[in-house]
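Q: Have a look at this prediction, sequence included:
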Amino acid sequence: MILEVKQLNVFIKTSHILRDVSFAVGEKEVVCIIGRNGAGKSTTLKTIMGFLKPESGSIRFMDREITGMPTFQIANMGIGFAPEESGIFPDLSVEENIEMATWQRHSSHSPEERTSLAYDVFPALTKYRKRKGTQISGGERKMLSVARALAMDPHLFLLDECFEGLSPIVIPKIAESIHEIVKMGHSIVLAESNIYHIPDFTDKLYVIERGEIIFSGKPIDLKNDKAVLKIVSGAA
């Protein structure tokens, strides 16, 4: 397994946000964590990245314990993170945002190769190279966030709500680009609140509700669990 999360418990102040969360991601595997807003998806990804410290539990990446490590060390080990709010530098250009990622982590690929790949996977960004982050649309900021993570040349991607709030026209374009990343052999964890945004190429699905994993299996198996399906479809 490239990532193993076991019995993760996370508190924010006095609130128990994650409760014994466990899941695993294999090599070249796409895993989707789905849950309603506030269910614990973002907290899970932020804890893996070291932004939040767990009260208990274990996070192992490529057979190495990373629980409690500083965020920059986790990123340098090869985990790329695209947060829900995009997290790009608004005063920098698209080009500068992508190039900055090549400074952070050494790779067998040159900075030029990595930036070129980012534009190949997200060709819509090519014409906006010189525009600042404040001068591009919400969909383009999402693309830039993932493209910047790609330029780090990570082994694993954590993508938080990369389809949320986007127009129906933009969503397939971003999904197609993510699929290209998958075909390169990267592992991906997608956190999504909308069941209809789960990509067709998802290998494994986890449902989180009130900080607990209540379902794990293949996406097709969720259709047979009416109780869980009712929760994630917003009918509960």
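A: Right, received. Where do you want to start?
Q: CA atoms for contacts and neighbours, from now on please.
A: Noted.
Q: bridging residues for the residue most central in space within the chain?
A: By C-alpha atoms, centre = their mean, the chain has its centre lying nearest to residue 159, at 1.5 Å. With DSSP bridges as the criterion, residue 159 is bridged to residue 82, residue 190.
Q: Which pLDDT does the model give it?
A: At residue 159, the pLDDT value in this model is 96.
Q: I figured it hits residue 83, correct?
A: Yes: between residue 159 and residue 83 a contact is recorded at 6.4 Å, counting by C-alpha atoms under 8 Å.
Q: Spell out the residue ranges of the strands in this protein.
A: Taking DSSP state E, the strands of the chain run over residues 3-12, 15-25, 30-34, 56-61, 64-65, 79-82, 156-160, 187-192, 204-209, 212-217.
Q: and residue 178, which of those strands is closest to it?
A: strand 187-192 (8.9 Å; C-alpha to C-alpha).
Q: Near residue 184, how many other residues are there?
A: Around residue 184 there are 9 other residues, counting by other C-alpha atoms under 10 Å.
Q: hang on, the earlier thing: out of the strands of the chain, which is closest to residue 140?
A: strand 79-82 (13.0 Å).
Q: Count the neighbours of residue 38 for me.
A: By other C-alpha under 10 Å, the residues close to residue 38 number 14.
Q: Ok, the one 5 residues further on next?
A: Burial measure for residue 43: 19 neighbouring residues, criterion other C-alpha under 10 Å.
Q: next one: residue 169
A: Based on other C-alpha under 10 Å, the number of other residues close to residue 169 is 9.
Q: Just the pLDDT at it, thanks.
A: 85.
Q: Equivalent analysis for residue 219, please.
A: So, for residue 219, pLDDT stands at 89.
Q: The residue lying closest to it once chain neighbours are set aside and residue 73, how far apart?
A: Distances taken as C-alpha to C-alpha, 6 or more residues apart in numbering put residue 205 closest to residue 219, at 5.6 Å, once the chain neighbours are dropped. Computed as C-alpha to C-alpha, to the nearest Å, the residue 205 to residue 73 distance reads 28 Å.
Q: So for those two, which sits in the more crowded spot?
A: More crowded of residue 205 and residue 73, by other C-alpha under 10 Å: residue 205, with 23 against 14.
Q: Distance-wise, check residue 108 relative to residue 153.
A: Distance of residue 108 to residue 153, computed by C-alpha to C-alpha: 9 Å.
Q: Between these two, which is the more surrounded one?
A: residue 153 (26 against 8).
Q: Spatially nearest residue to residue 126 (excluding sequence neighbours)?
A: residue 119 (6.0 Å).
Q: Which parts of the protein are helices?
A: Ranges of helices within the chain are 41-48, 71-77, 94-104, 111-121, 138-151, 170-183, 219-222, 226-232, based on DSSP state H.
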